[in-house]
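J.: below are the sequence and a predicted model; questions follow.
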Amino acid sequence: MAIEPSDSVVHSGKNDSGLITNGYTNHGAYSDSESSQSDDDDFDEPHSAAVASNHQRLALACDDGCIRLYNAFDTDGLTYNRSFPRVSGCILSVACSHDAKLIFSGTSDGLIRCWDAISFHEVYRIMVGLGGLGCGPELCVWSLLFLRCGVLVSGDSTGSVQFWDSCHGTLLQAHTFHKGDVNALATVPSHNRVFSAGSDGQVILYKLSNETLGAGNDELPKEQITKWVYVGYIRAHTHDVRALTMAVPICREDALPGEKIPRVRCQEKPIDFSYHTWAHLGVPMLISAGDDTKLIAYSAKEFTHFSPHDISRAP
């Protein structure tokens, strides 16, 4: 399921979704290093305009091939709104654009469909198998993630994480580092890092990188190329990772009165990899949940630099 952004004005303005397809009929109208200077504002979420309505819409992906919309009120709970047209296959994933004018759905037949959230018509569709390792009815699009820059990220049953141009439905990049289904995707508040998790137990980080071409020749203009690069992975789960989310601590966790942190005597000062080193009040952290009944917390900013923390084990 996906909920529309709270800072959007859904029914105002012109719906300029002049989008084209990648082979299907239109049915409707940074730095490579993980820690860099540009990351200082990674977790500063910008404040946006006031909300026009007193509720948000919740989109649910259903096995019968429909997307169902519900109105989410602060006091009255959920009320049914309407359904999108039914499509072939099961709808496995859903995501909303940042302006809430478009809704994307991933299905069990290897397709991503873009829907107009106002007219409820299909705008275009993407065949995911063209950029990954497989195609056809056996390919399942398990997860979708929409970024503020207009990039749509998909994770599927072939282990592919693909980055798409949401304006044209064209493939930008594809990564195949997972050895099984990609079950979940998440991003930091600044939307310049993407995490993926799958049935192989891995949680992988991809980072937005800017490369400059033509820098060695003054006669040629410099060209900036934006790419999503693989940074690294952590395998803290013994079974499938089913969910990822970004959480912000709202209270400070101090060490217990009787708890002592062991110190190692050596010539150089040891690196402190403990949970208390990177988990701070108001700083977002990544949390994963798996079939091994574990909840694991990671440093979102220093993902590969600190060890993950086992929050709790479910009974």
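T.: The structure has been received and is ready for your questions. Numbers count the residues shown, from 1 in each chain.
J.: bridged to Ser196, which residues?
T.: Leu185, Ile204 (DSSP bridges).
J.: repeat for Arg125
T.: Applying DSSP bridges, one finds that Arg125 bridges with Arg113.
J.: mind pulling up the pLDDT for it?
T.: pLDDT for Arg125: 94.
J.: can you name the element that comes right after the lowest-mean-pLDDT helix or strand in the chain?
T.: Lowest by mean pLDDT, DSSP states H and E among the helices and strands of the chain is helix 275-278, with a mean of 70. Toward the C-terminus, helix 275-278 is succeeded by strand 285-290 as the next helix or strand (DSSP states H and E).
J.: list the buried residues in the helix or strand that that following strand is followed by.
T.: Later in the chain than strand 285-290, the nearest helix or strand by DSSP H and E is strand 294-299. Applying a neighbour-count criterion of 16 or more other C-beta atoms under 10 Å, the buried positions in strand 294-299 are 294, 296-299. Any C-beta I mention is one placed from the backbone N, CA and C, and that applies to glycine too.
J.: can I get those residues in TSV with pLDDT and distance to Phe73?
T.: Formatted as TSV, those follow (pLDDT from 0 to 100; distance: C-beta to C-beta, whole Å):
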residue	pLDDT	distance to Phe73
Lys294	91	34
Ile296	92	34
Ala297	92	32
Tyr298	93	34
Ser299	90	36
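J.: of these, closest to Ala186?
T.: Tyr298 (10.3 Å; C-beta to C-beta).
J.: so what's the residue nearest to the closest one when sequence neighbours are not counted bridging to?
T.: Once flanking residues are discounted, Tyr298 sits nearest to Leu286: 4.3 Å by C-beta to C-beta, 6 or more residues apart in numbering. Applying DSSP bridges to Leu286 gives these bridge partners: Met246, Tyr298.
J.: now do Leu286 against Ala100, distance only.
T.: Applying C-beta to C-beta, to the nearest Å, the value for Leu286 to Ala100 is 25 Å.
J.: who has more neighbours out of those two?
T.: Higher neighbour count among Leu286 and Ala100: Leu286, with 25 against 21, using other C-beta atoms under 10 Å.
J.: contacting residues around the more buried one?
T.: 186, 195, 203, 244-247, 297-300, 303 (C-beta atoms under 8 Å, 6 or more residues apart in numbering).
J.: could you redo the last one with a cut-off of 10 Å?
T.: Residues in contact with Leu286 (C-beta atoms under 10 Å, 6 or more residues apart in numbering) are 186-188, 193, 195, 197, 203, 205, 234, 244-247, 296-301, 303, 308.
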